[in-house]
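In: quick one, fold the following:
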Amino acid sequence: MPLFGEIFASEVLKKPVLDPKGEELGRIRDIKIIKGEPLPKVDALILQKGKGLLKLPWLQIDIFNKKVIAAKVFADALDSYTMGPEDLLVSRDILDKQIVDANGVKVVRVNDIKLEGYKDDVLISAVDVGLRGILRRLGFERGGEDLLKFLGAELPRNIISWNYLQPLDERLSEIALTVPRQMLSELHPADIAELINQVSPDEGASFIDSLDVETAAETIIELEPDTQTAIIKDMDREKASDIIEEMPPDVAADVLGRLSAEEAKAILEKMGREEAEDIQELLAHEKDTAGGMMTTDFISYPPGMKVGEVLEKFRQDAAEMESVYYIYALEGEELVGTLTLRELLLAEQDVPLSSIMETKLKTVPPDEDDMRVAEVMSKYNLVAVPVVDTEGVMHGVVTIDDIVSRILPRKRRRRV
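Out: The predicted structure follows:
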């Protein structure tokens with residue numbers, strides 16, 4: 001096997017390659033990689049000879065180490081080479097590209113690439129994403145190590161195994177983004193969103209596409225509005241509708257409201273009828289009003305229903321809710337009373353809701369200004385307020401989360 005010891009790509013790029021007589025064949029311009037087991041492997045060295053490029057297959061390499069790189073053949077046995085988009089090249093396609101450090105929940109840059117011998121092949125085993133990789137490429141690794149040692153510190157090794165990387169497409173031509181899906185599933189959606197906010201919209205879309213529908217929905221909710229719009233606009237309509245359906249109706253309406261009418265309609269047409277109607281109702285209201293902020297997800301029962309029956313039904317209904325603050329008593333669509341979960345749990349099971357519900361209702365109309373809604377909730381110490389029209393029909397609820405989302409700047413909101 002021609003590989004001896006640990007080698008990084010930066011240690012061989014631009015190095016001369018010798019023929020069997022010790023004459024220079026050319027200097028290494030790049031390293032061509034192909035899929036291999038268990039890891040990607042070196043297929044050929046791309047040599048610069050004058051203004052042209054030559055391809056030296058790995059099988060024709062006799063010695064490959066930090067000091068000497070030698071071939072088994074002469075220049076006349078090598079084919080000329082033209083760089084094509086279908087090839088994966090170490091310097092062109094991997095060095096300086098972005099990848100995800102799942103442990104640090106951040107996007108980092110590939111500063112160097114570790115090569116390792118395996119049987120008769122040389123494999124890409126890891127990438128260096130730390131300062132050591134930068135210093136190595138500049139030729140200062142040993143000096144940086146000595147300086148830090150003199151100062152009582154060590155030059156850290158920030159290596160990510162290739163096993164933790166996953167190409168963006170089957171041709172292995174992009175590694176700029178991803179980690180295996182099982183690693184992503186362990187991250188909080190807010191952390192995934194933080195990663196997506198660090199990369200390009202195209203890379204962010206690829207990231208979202210690799211997630212299951214539920215996680216994708218939770219992640220998109222955490223993104224900046226402009227990023228949400230860019231990703232949803234470019235997404236397959238079927239996938240986009242599945243993701244939108246997973247969101248709370250008020251959030252879904254906010255996302256669709258930033259699309260063009262044609263784009264929003266195309267997504268709504270792919271959704272279930274009930275979910276689409278809920279979102280369309282919300283889209284009909286101005287953004288900065290109670291109707292524009294409210295969610296149509298709330299739990300209600302007839303006032304004559306007994307507490308025991310309500311509790312049984314509530315266990316099923318609440319399972320699909322993001323949060324529940326109050327139970328609402330409706331006569332048809334008309335709001336006639338409210339009660340807290342505490343009041344429900346402490347009540348006798350054979351009494352009707354009408355005997356324990358609050359009938360002095362605090363509500364806001366659909367066209368109420370968002371700041372006025374906040375004042376009502378603050379004044380009466382409410383965590384949710386019903387949105388009721390002049391006919392007494394309940395259309396939804398504005399929650400404390402909706403108010404915080406609207407009033408506080410996004411960056412500050414994430415720290416609260």
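
In: bridging across strands, which residues link to I28?
Out: Using DSSP bridges, the bridge partners assigned to I28 are L47.

In: show me what contacts it?
Out: Contact partners of I28, counting by CB atoms under 8 Å, 6 or more residues apart in numbering, are 12-15, 17, 45-48, 69. From N, CA and C alone the C-beta is placed, and that goes for glycine too.

In: what ranges does the stretch 251-400 of the chain have for its helices?
Out: Ranges of helices in the stretch 251-400 of the chain, per DSSP state H, counting those that start in this stretch, are 261-268, 273-283, 290-293, 307-317, 341-346, 370-379, 400-407.

In: which of these is buried the deepest?
Out: Highest mean neighbour count of the helices of the stretch 251-400 of the chain: helix 290-293, a mean of 26 (counted as mean count of other CB atoms under 10 Å).

In: centre of the chain to it, how far?
Out: Helix 290-293 sits 28 Å away from the centroid of its parent chain (CA atoms, centre = their mean, to the nearest Å).

In: re earlier: out of the helices of the stretch 251-400 of the chain, nearest to I134?
Out: helix 400-407 (40.5 Å; CB to CB).

In: pLDDT of the closest one, averaged?
Out: Across helix 400-407, the average pLDDT comes to 78.

In: distance between it and the chain's centre?
Out: For helix 400-407, the distance to the chain centre is 24 Å (CA atoms, centre = their mean).

In: swap in stretch 390-398?
Out: 36 Å.

In: could you do stretch 290-304 as well?
Out: For stretch 290-304, the distance to the chain centre is 31 Å (CA atoms, centre = their mean).

In: span of that stretch from start to end?
Out: One end of stretch 290-304 to the other measures 29 Å (CA to CA, to the nearest Å).

In: how about low-confidence regions in the stretch 101-250 of the chain?
Out: 101-106, 141-151, 164-186 (pLDDT under 70).

In: quick one on the thing from earlier: of the contacts of I28, which is the most crowded?
Out: Among those, L45 has the most neighbours (other CB atoms under 10 Å), with 30 neighbours.

In: where does it land on pLDDT?
Out: For L45, pLDDT reads 95.

In: contacts only, for it.
Out: Counted by CB under 8 Å, 6+ apart, L45 has contacts 17, 28, 30-32, 55-56, 58, 61, 69.

In: three-state assignment of it?
Out: strand (DSSP: H, G, I helix; E, B strand; the rest coil).

In: just to revisit the earlier point, in JSON lines, list the helices of the stretch 251-400 of the chain along with distance to M247.
Out: Shown next, in JSON lines, are these (distance: least, CB to CB, whole Å):
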{"stretch": "helix 261-268", "distance to M247": "12"}
{"stretch": "helix 273-283", "distance to M247": "9"}
{"stretch": "helix 290-293", "distance to M247": "15"}
{"stretch": "helix 307-317", "distance to M247": "19"}
{"stretch": "helix 341-346", "distance to M247": "24"}
{"stretch": "helix 370-379", "distance to M247": "20"}
{"stretch": "helix 400-407", "distance to M247": "13"}
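
In: E214: which of those helices is closest?
Out: helix 273-283 (14.7 Å).

In: for the closest one, packing partners?
Out: Applying 3 or more CB pairs under 8 Å, 6 or more residues apart in numbering; DSSP states H and E, we find helix 273-283 packed against helix 249-257, helix 261-268.

In: the shortest one - what's its average pLDDT?
Out: What helix 261-268 shows for mean pLDDT is 90.

In: got it, and stretch 82-97?
Out: Rounded mean pLDDT across stretch 82-97 is 87.

In: quick check: buried residues in it?
Out: 87-95 (16 or more other CB atoms under 10 Å).

In: so of those residues, which ones are in strands?
Out: Cross-referencing those against strands under DSSP state E gives 88-89.

In: circling back: got the contacts of L45 as TSV, with secondary structure and distance to T229 columns?
Out: As requested, the contacts of L45 are arranged in TSV below (DSSP: H, G, I helix; E, B strand; the rest coil; distance: CB to CB, whole Å):
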residue	secondary structure	distance to T229
V17	strand	50
I28	strand	44
D30	strand	38
I31	strand	40
K32	strand	39
K55	strand	45
L56	strand	48
W58	helix	46
I61	strand	50
I69	strand	50
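
In: re the thing from before, D128 is nearest to which of the helices of the stretch 251-400 of the chain?
Out: Nearest to D128, of those and by CB to CB, is helix 400-407 at 40.8 Å.

In: centre of the chain to stretch 360-378, how far?
Out: 35 Å.

In: again but with stretch 251-266, I slipped
Out: Offset of stretch 251-266 from its chain centre (CA atoms, centre = their mean): 21 Å.

In: could you do stretch 209-227 as well?
Out: Stretch 209-227 has its C-alpha centroid displaced from the chain centroid by 7 Å (CA atoms, centre = their mean).

In: so for it, what gets flagged as buried?
Out: By neighbour count on 16+ other CB under 10 Å, the buried set for stretch 209-227 is 210-211, 215-223, 227.

In: ok, those residues vs D367, which is closest?
Out: Proximity of the buried residues of stretch 209-227 to D367 (CB to CB) peaks at I221, which lies at 25.8 Å.

In: thinking again about what came up before, between the buried residues of stretch 209-227, which sits nearest T359?
Out: I221 (35.3 Å).

In: helix, strand, or coil at that closest one?
Out: Per three-state DSSP, I221 ends up helix.

In: check contacts around it.
Out: 189, 247, 251.

In: skipping adjacent residues, who's closest to the last one in space?
Out: Just to be clear, that refers to V251. I221 (5.6 Å; CB to CB, 6 or more residues apart in numbering).

In: now swap in the first one and tell me
Out: For P189, the nearest residue in space outside its immediate sequence neighbours is E218; the separation is 3.8 Å by CB to CB, 6+ apart.

In: what about that neighbour, which helix or strand?
Out: Using DSSP states H and E, E218 sits in helix 213-222.
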